[in-house]
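Novice: Okay, here's the prediction I keep looking at, along with the sequence it came from:
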Amino acid sequence: MEAVKKVEGKAYPWGAKNIDTDIIIPAHWLKTISREGLGRGAFESVRAQPGNIFDDPAYAGSPILIAGDNFGCGSSREHAAWALADMGIKAVIAPSYSDIFSGNAFKNGIVAVVLPQEAIDRLVEVAKTDAVTIDLETMTVTTPFQDRFAFEMDPFRRDCLMQGLDEVGLTLARDTAISKYESSAAESRPWLVRESSNAGVAVEAGGRT
């Protein structure tokens, strides 16, 4: 997972509320287990409307999405986070999220910022013409007009995002501690090692013809 300390640039000034995962990525796109290409199906029903914000050249490639309350509600499909990441979105700013979507976003390296509706309204207006900056070090969202909105985030999630650590990365980061524990366990409880070895021999013997 790529480390994220700051996300800055254009933002989709959407602000729509109660956007469920079926709107983010329709069910007929769920047949794939690959994360690649899902960006083409992201917000398909919205993109079917003329003049929609996601096909507006003014916001092409925006790394930030400004959304409304209860973003990511509905089903638990992780494809929703995959689709957002595949279309280039690295952060979402909204007043609230579905718990499951928030977790899926975090696991896929997407920064989910929570700000009050007043801040969202202001950012929607700013994003129509100017860039927005999300800084995980200072825990703020800023604009070129001296707007500065502080936000909170679970310290563990913030640390993982800034270091680029997903679940696999977290395990590998503790490789030394894991190896040390295994060596210590083998010395203090050698019978566990013998039982494990004997079980392996039994399985091998049972498989012979």
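Specialist: Yep, that arrived.
Novice: Which residues does stretch 99-107 contact?
Specialist: Applying CB atoms under 8 Å, 6 or more residues apart in numbering, the set of residues contacting stretch 99-107 from outside is 21, 71-73, 76, 78, 80-81, 84, 92, 97, 111-112, 157, 160-161, 166-167. To be clear about C-beta, it is placed using only N, CA and C from the backbone, and glycine gets the same treatment.
Novice: Stretch 79-86 too?
Specialist: Stretch 79-86 has contacts (CB under 8 Å, 6+ apart) with 21, 24-25, 29-30, 35-39, 41-42, 65, 72, 92, 101, 104-105, 107-110.
Novice: swap in stretch 153-165?
Specialist: 1-5, 106, 109, 111, 113-114, 136-137, 139, 166, 169-170, 173.
Novice: how about low-confidence regions in the chain?
Specialist: Residues of the chain meeting the criterion pLDDT under 70: 167-175, 178-183, 185, 192-209.
Novice: Can you flag which of the contacts of stretch 153-165 belong to strands?
Specialist: 111, 113-114 (DSSP state E).
Novice: ok, back up a step: from the contacts of stretch 99-107, which would you call buried?
Specialist: Buried members of these, counted by 16 or more other CB atoms under 10 Å: 21, 71-73, 78, 80-81, 84, 92, 97, 111-112, 157, 160-161, 166.
Novice: I'd say Val126 and Thr133 touch.
Specialist: No: applying CB atoms under 8 Å, one finds Val126 not in contact with Thr133, separated by 10.8 Å.
Novice: shared neighbours, the two?
Specialist: The overlap between the contact sets of Val126 and Thr133 (CB under 8 Å, 6+ apart) consists of Thr143.
Novice: one step back: what's the ChimeraX line that selects buried ones from the contacts of stretch 79-86?
Specialist: ChimeraX command restricting these to the buried ones, with burial defined by 16+ other CB under 10 Å:
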select :21,24,25,29,30,38,39,41,42,65,72,92,101,104,105,108,109,110
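Novice: and the contacts of stretch 79-86, which of them are in helices?
Specialist: By the criterion of DSSP state H, membership of those in helices covers 21, 24, 101, 104-105, 107.
Novice: Tabulate those residues in CSV, adding columns for distance to Tyr59.
Specialist: Listed next are the ones in helices among the contacts of stretch 79-86 as CSV, based on distance: CB to CB, whole Å:
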residue, distance to Tyr59
Thr21, 22
Ile24, 17
Phe101, 22
Asn104, 24
Ala105, 20
Lys107, 26
